[in-house]
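Undergrad: the sequence and its predicted three-dimensional model are supplied below.
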Amino acid sequence: MLLIYFLPLSANSQDHPYILSMKDRATVIDDILADRVKTILPEIMRREGVDMWLIISREYNEDPVIKTLLPATWLAARRRTILVVFDKGEGKDLETLAVARYDVGTTFKKAWDKEQEPDQWKRLKEIIEERDPKKIAVNKSDYFGLADGIVATDLEQLKAAIGRKYSQRIVSAEQVAIGWLETRTPKEMAIYPQIVRIAHEIIKDGFSDRAIQPGITTTDDLVWWYRERISELKLVTWFHPSVSIQRQDPESFDHLRTFDTRPEGNVIMPGDLLHVDFGITYLRLNTDTQQHAYVLKPGETDAPEYLKKALKNANRLQDIFTGNFKEGRTGNEVLKMSREQAIAEGIKPSIYTHPIGYHGHAAGTTLGMWDSQEGVPVTGDYPLHLNTAYSIELNAATYIEEWDKEIRIMLEEDAFFDESGVWYIDGRQTELIIIPEDPAKH
């Protein structure tokens, strides 16, 4: 059973999702890890024709992949940790060994006794010789950083230790590593909606008069409110949040303004269109969300229709884009099809979607970058696989006559791609958040 004891997200609301204690989080993480190794890893290794996968890492210089294979109580590799995954053949479970001083959790069993064989590399060689694999895959990749975790020293020592015969069988584990990182299991998808819901609720709490006093609160104040809230809930973020403003002023708004040129002391005022970029990490899974809120002017009870229309344009772009997802189609193909269709419908699109899961900017198919709208070489040529998750990140520009300028509705929502198509893990924003919220809704 995954959910045991809970910490409420909000002490004065029963409508919020719940957050597990640290102890129970470890139980969930280890249960999911064991399930993933048993259910999806054999299929991925056989798909790529790899019968042995080596993950080699040293303490505090960790391969990104090894962190996803360690038990919850291991926050780093210990000394040099070598994990061996060997496929004994169809119909059999994978053999999972640790050439280390200890078991690595319950999945990787200790396969090295230093008192009997002092040389760790020599013991690894014995394991390889006993199994005689046809391909020995290591995490080395020219283009996918998350699949390029073996350091030069370890690779050199590995080759020296196992000799010429087996060194000639070393291949890149790029496709295995990406497959492992990008594939989500039914157990993960049972909990992912709650994780995304927690992120949505925190965003909503910040986009309210509980955190914002128009005329006083700055965007930087709100950013740090989010950071403090994450800490209070015993969660972490994988990036520093950002908050930006579009309003009726002469300034133009572009993608860079939400990052390196964001004004630090920008005071939030009535009539502002607010934007937040926010993500958390919980149970080893990440969220990445961008939403918008409108600050009511005196006498207003809702956002202006022109802003609602701009949001609908962005929602339509989401629909066009996710409607083009198809197994085997590359990110560049989906990007091209979606942009052409959106432009034909009169939408000004920018699409920069990325996989999400064990990492915020995760391994898998790249579907555009904000500064590469014509396609992304190599990573954009990687095909879509089923049972993978994505941050559907994009924006649609709309000219607002009342403001005499163009604004951008920048949306980002986490979604899952399976046989049924693309579905949002905890829904998506289709209405602007209103500040202050109508008390009649409570």
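TA: Looks like it came in fine.
Undergrad: from now on I want contacts and neighbour counts done on CA atoms only, so please keep to that.
TA: Fine.
Undergrad: would you confirm that residue 434 contacts residue 297?
TA: No. Look at residue 434 against residue 297 with CA atoms under 8 Å: they stay out of range, at 10.8 Å.
Undergrad: of the two, which one has the most company?
TA: Legend: neighbour count by other CA atoms under 10 Å for residue 434 and residue 297, higher for residue 434 (20 against 16).
Undergrad: what's the closest non-adjacent residue to that one?
TA: residue 294 (5.2 Å; CA to CA, 6 or more residues apart in numbering).
Undergrad: okay, and the one you found sits in which element?
TA: For residue 294, the element it lies in under DSSP states H and E is strand 289-295.
Undergrad: quick one, what contacts the closest residue to residue 368 other than its chain neighbours?
TA: Nearest residue to residue 368 in three dimensions, chain neighbours excluded: residue 352, at 4.4 Å (CA to CA, 6+ apart). Residues near residue 352 by CA atoms under 8 Å, 6 or more residues apart in numbering: 366-370, 373, 392-394.
Undergrad: let's see it at 10 Å
TA: 335, 366-373, 375, 391-395, 412 (CA atoms under 10 Å, 6 or more residues apart in numbering).
Undergrad: which pair in the residues you listed spans the largest distance?
TA: Among the contacts of residue 352, the pair separated by the greatest distance (CA to CA) is 375 and 412, at 19.2 Å.
Undergrad: so between the two, which is more surrounded?
TA: Between residue 375 and residue 412, residue 412 has the larger neighbour count (other CA under 10 Å), namely 25 against 21.
Undergrad: gap between that one and residue 164?
TA: 49 Å (CA to CA, to the nearest Å).
Undergrad: output the lowest mean pLDDT helix or strand found in this structure.
TA: Among the helical and strand segments of the chain, the one scoring lowest on mean pLDDT, DSSP states H and E is strand 6-8, with a mean of 46.
Undergrad: quick one: mean pLDDT over whichever helix or strand comes after it.
TA: Next helix or strand after strand 6-8 toward the C-terminus (DSSP H and E): strand 18-20. In this model, strand 18-20 has an average pLDDT of 90.
Undergrad: list the helices and strands strand 18-20 packs on?
TA: Packed against strand 18-20 by the contact rule (3 or more CA pairs under 10 Å, 6 or more residues apart in numbering; DSSP states H and E) you find strand 6-8, helix 22-39, helix 186-206.
Undergrad: save the ones you listed as TSV, and put in distance to residue 380 too.
TA: Output for the helices and strands packed on strand 18-20, formatted as TSV (distance: least, CA to CA, whole Å):
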stretch	distance to residue 380
strand 6-8	40
helix 22-39	26
helix 186-206	25
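Undergrad: any chance of the ones you listed in TSV, plus mean neighbour count and distance to residue 416?
TA: Listed next are the helices and strands packed on strand 18-20 as TSV, based on neighbours: other CA atoms under 10 Å; distance: least, CA to CA, whole Å:
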stretch	mean neighbour count	distance to residue 416
strand 6-8	15	26
helix 22-39	18	17
helix 186-206	19	9
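Undergrad: which one, of these, ends up nearest to residue 75?
TA: Short answer: helix 22-39, nearest of these by CA to CA, at 11.4 Å.
Undergrad: what packs against the closest one?
TA: Using 3+ CA pairs under 10 Å, 6+ apart, helix 22-39 sits against strand 6-8, strand 18-20, helix 41-47, strand 95-99, helix 186-206.
Undergrad: so which of those gets nearest residue 154?
TA: Taking CA to CA, strand 95-99 is the member of the helices and strands packed on helix 22-39 nearest to residue 154, at 13.9 Å.
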